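K.L.:
Here's a sequence, model it:
(2 chains)
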There are 2 protein chains.
Amino acid sequence: MKICYFDHVATNPLYPDVFEAMVPYFKDEFGNPLSIYELGTRAKDAIEKSREKVASLINAKAREIIFTSSGAEANNFAMRGIALARQNEGNHIIVSRAEHHSILNSARFLEKNGFVVTYLPIDKYGIVDPERVKKSITKETTLISVIHGSSEVGTIEPIREIAQIAKEREVIVHTDAVATAGNIPLNVKELGVDLLSMTAHQFYGPKGAAALYVREGLRIVPLIYGGIQEGGRRAETENVPAIIGMGKAAELAKAEMSFRMEHSGRLRDRMIEGMKRIDNVYLTGHPAERLPGHASFCVEYIEGESMLLLLAAKGIYAASGSACTSKALKASPVLLAMGIPAALAQGSIVFSLGRENTDDDIDYLLEEFPQVVQRLREMSPYAKGWGDKKAEVECV
Amino acid sequence: MKICYFDHVATNPLYPDVFEAMVPYFKDEFGNPLSIYELGTRAKDAIEKSREKVASLINAKAREIIFTSSGAEANNFAMRGIALARQNEGNHIIVSRAEHHSILNSARFLEKNGFVVTYLPIDKYGIVDPERVKKSITKETTLISVIHGSSEVGTIEPIREIAQIAKEREVIVHTDAVATAGNIPLNVKELGVDLLSMTAHQFYGPKGAAALYVREGLRIVPLIYGGIQEGGRRAETENVPAIIGMGKAAELAKAEMSFRMEHSGRLRDRMIEGMKRIDNVYLTGHPAERLPGHASFCVEYIEGESMLLLLAAKGIYAASGSACTSKALKASPVLLAMGIPAALAQGSIVFSLGRENTDDDIDYLLEEFPQVVQRLREMSPYAKGWGDKKAEVECV
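P.N.:
This next block holds a predicted model:
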């Protein structure tokens, strides 16, 4: 059966060159980077080279990169690490309603522990208004965290403008760039952010390697205490092979970025054009300010899960929202925050493309998808009763 | 050059069968376990099989295993997760002076956040007296954490007795079994512990996979918030290959445990016998209640680092204490807590053996080590001046 993998926001396949770079560290080069003999120092040197490559991908300095095991850990670390480090300066934190659960649930944890959190609204495109950020800042505000690019609706946020506003008020800015780092050009200096989360498996690197950029000189309280790894800021015996893989993946992402963006952007545009021809299928997220490989829709009168199952039976792999909540069977809070009605939000489907997708994949999807929609609508009690309510739906 | 790897407490080489088990998950089986199509469900199923194998190694139920990325993370998670979950019941925590830095520094973090910590003394063998545990428990005590086996001095603690005392007082017990799990038989039910940390790379599994056993029904506050992975108790896109590797390593450790213990125990005994013949070399830790592959010493008039460097030049890889502090160049707090004088503690050296070590390795060490000691003592200003102070040293 033909397989079309359209779920790159869930995870990427590992780039074969990345795997090859990792292999020696699963075999002879197994040393602990803290050991003082050569087996250890070679591992340490390899990690530091990897750190340089990861730093280079976002125009940071190597010493501004702290390796973590996941984007979720990087997000938790940023939120709690800065909230605690600055708790003598204030107890107010600002996040947006477009955030991933690792940010939102960290915010809720902080709320239970004496912090006050403002949840910024988003518009119908999923965008945070920098003016709302400005109005939300109080004397107590120490941290703002806004996602860079949404894995659910593809929208890219105006982080530069938000960071500029924050800087004027001496508020620290974190951005969750898990979906964007390695996929679009990122420059922490130009963005003006103080912290940035990224993860390797979103740009053809391995699972188990991720990083938090922490601007030089910024104090952060560790999330994981222990040994002296990562300058004492994040303890654990380094996952050497994964870190080496992340470095290699960063190097390849930088080298291939233009090709990847052009390739998946072109396929995405073809997909969106084709999907729009189906009745009552709405693009979600911003039409222009979005991830190159990201095409997300709401399909009226249908549940996302049903579409996914029928598509999967045809070898087409997609998602109905964030992978981290895919089994929760709730309408996406991000879609709801965008003002999409709950019933329509249930019909969410996300296609995310990558370098290995082809025009054939798009042809196949555009041939199969209308049939899936038709079949499900024939089965749907909503399709009949709600047909004339179409005009009430306000979507992109 | 002949290489003798005697640093298994720093990390183990990856068992080739474990690597082979991981390879498919770096290639075709790259799915996110939360995805609902087959590529995802196969990854999810593989993780659950791995969880059963890890659980089986310590006689736990699969649902009592929470995967983490490291032993350090598991230790931090246990300490903070229980302290916070039970903060309405009390704010007193007990740890021992034999703990790893991931426990000690978590304890210090809690002290800064309103908790009171008792640091239990250890005797000259590194052992915690269960009677001292009993006396330290107050009405406010919610958690006791005592290491199972020390990677620094090899001593195995009387966890069963400690857990029994704790249970009578309704205090939760955690043990850091990073050095013991997979190396000696472990049965959480017999030990009576509520939580137990373990890590794969200490039993020939990969770096990046570890676990916290949490007794069924026990509430724990997450350390890493986000998606619904691990029953909502620990978020992040699972490091599938590493988790698969941990399961395979657990299976192999269980199958080979008797052989491994007998093999490394016999080599260790030969090593200790040989080392005792060198003047002013003292075994540290308990002579009998110790890890099978663990031989640790203090060598008078010499610094540990110098020994390591000269040994490394001969292809003999060892450690001077915990890998996580090896570059801190301080005398080990564990050795000091055992009452070993600071000057002697500087001469700490730890050899930790594994399944691939041979009698030849021991012969080679016993031939080379006396020469290393002699050479360093000839260079040492301490050896001359302090020679007649030997009688003051009280050691094992």
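K.L.:
Tell me how many other residues surround whatever residue of the stretch 151-300 of chain A ends up closest to chain B.
P.N.:
Ranked by CB to the nearest CB, the top residue of the stretch 151-300 of chain A for proximity to chain B is residue A:227, at 2.5 Å. Any C-beta I mention is one placed from the backbone N, CA and C, and that applies to glycine too. Neighbours of residue A:227 under the rule other CB atoms under 10 Å in any protein chain shown: 24.
K.L.:
go on, residue A:173?
P.N.:
Counted by other CB under 10 Å, the residues lying close to residue A:173 total 25.
K.L.:
Residue A:190 now?
P.N.:
By other CB under 10 Å, neighbour count at residue A:190 equals 12.
K.L.:
ok, it - contacts?
P.N.:
Shown in contact with residue A:190 (CB atoms under 8 Å, 6 or more residues apart in numbering or on different chains): A:59, A:160.
K.L.:
Quick check: buried residues in whatever helix or strand it lives in?
P.N.:
Assigned by DSSP states H and E, residue A:190 belongs to helix A:188-191. For helix A:188-191, the neighbour count (16 or more other CB atoms under 10 Å in any protein chain shown) marks A:188, A:191 as buried.
K.L.:
The very next helix or strand once past that helix - contacts with which helices or strands?
P.N.:
Reading on from helix A:188-191 to the C-terminus, the next helix or strand found by DSSP H and E is strand A:195-199. Counting contacts by 3 or more CB pairs under 8 Å, 6 or more residues apart in numbering or on different chains; DSSP states H and E, strand A:195-199 packs against helix A:71-85, strand A:172-176, strand A:210-214.
K.L.:
Where does pLDDT dip in chain A?
P.N.:
Scanning chain A for pLDDT under 70 picks out the ranges A:322-329, A:382-396.
K.L.:
what do you get if the cut-off is 80, keeping everything else the same?
P.N.:
In the predicted model, chain A carries pLDDT under 80 at residues A:321-330, A:381-396.
K.L.:
quick one, helices of it?
P.N.:
A:16-26, A:38-57, A:71-85, A:101-112, A:130-136, A:159-168, A:188-191, A:240-276, A:304-313, A:333-337, A:342-345, A:359-379, A:381-385 (DSSP state H).
K.L.:
tell me the angle of the first one relative to helix A:240-276?
P.N.:
This points to helix A:16-26. For helix A:16-26 against helix A:240-276, the angle by axes from the mean of the first three to the mean of the last three CA atoms, to 10 degrees is 160 degrees.
K.L.:
tell me which residues of helix A:16-26 are tucked away?
P.N.:
Buried-residue list, helix A:16-26, by 16+ other CB under 10 Å: A:18, A:19, A:21, A:22, A:23, A:25, A:26.
K.L.:
for the fourth one, same thing?
P.N.:
Residues of helix A:101-112 classed as buried under the neighbour-count rule (16+ other CB under 10 Å) are A:101, A:102, A:103, A:104, A:105, A:106, A:107, A:109, A:110.
K.L.:
Columns distance to chain B on top of those residues, output as TSV?
P.N.:
What follows is the buried residues of helix A:101-112, written out as TSV (distance: CB to the nearest CB, whole Å):
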residue	distance to chain B
A:101	5
A:102	3
A:103	8
A:104	8
A:105	4
A:106	5
A:107	9
A:109	6
A:110	10
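K.L.:
ok, of the residues you listed, which one's closest to residue B:13?
P.N.:
Sorting the buried residues of helix A:101-112 by how near they are to residue B:13, with CB to CB, puts residue A:102 at the top with 33.7 Å.
K.L.:
Nearest spatial neighbour of that closest one, chain-adjacent residues omitted?
P.N.:
Excluding its sequence neighbours, the residue lying closest to residue A:102 (CB to CB, 6 or more residues apart in numbering or on different chains) is residue B:226, at 3.4 Å.
K.L.:
same question, residue A:83
P.N.:
Residue A:83 sits nearest to residue A:110 (CB to CB, 6+ apart), 5.4 Å away.
K.L.:
Settle this for me: the one you found is touching residue A:81, isn't it.
P.N.:
No - applying CB atoms under 8 Å, one finds residue A:110 not in contact with residue A:81, separated by 11.3 Å.
K.L.:
Quick one: the buried residues of helix A:16-26 as a markdown table, columns for distance to chain B too.
P.N.:
A markdown table is the format used below for those (distance: CB to the nearest CB, whole Å):
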| residue | distance to chain B |
| --- | --- |
| A:18 | 9 |
| A:19 | 5 |
| A:21 | 11 |
| A:22 | 8 |
| A:23 | 9 |
| A:25 | 9 |
| A:26 | 5 |
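K.L.:
wait, which of those residues is closest to residue A:255?
P.N.:
For the buried residues of helix A:16-26, the closest approach to residue A:255 (CB to CB) belongs to residue A:18, at 12.6 Å.
K.L.:
show me the contacts for the closest one.
P.N.:
A:204, A:205, A:206, A:245, A:248, A:249, A:252.
K.L.:
Among those residues, which pair sits farthest apart?
P.N.:
It's A:206 and A:252 that sit farthest apart of the contacts of residue A:18, by CB to CB, at 12.6 Å.
K.L.:
who has more neighbours, those two?
P.N.:
Set residue A:206 next to residue A:252 and count neighbours by other CB under 10 Å: residue A:206 wins out with 32 against 22.
K.L.:
Distance of residue A:159 relative to residue A:167?
P.N.:
12 Å (CB to CB, to the nearest Å).
K.L.:
Quick check on the two: which one has the bigger neighbour count.
P.N.:
residue A:159 (27 against 14).
K.L.:
so that one touches residue A:196, yeah?
P.N.:
No - counting by CB under 8 Å, residue A:159 sits too far from residue A:196 to count as a contact (9.1 Å).
K.L.:
Report the set of residues contacting both of those two.
P.N.:
Common neighbours of residue A:159 and residue A:196 (CB under 8 Å, 6+ apart) are A:148, A:175.
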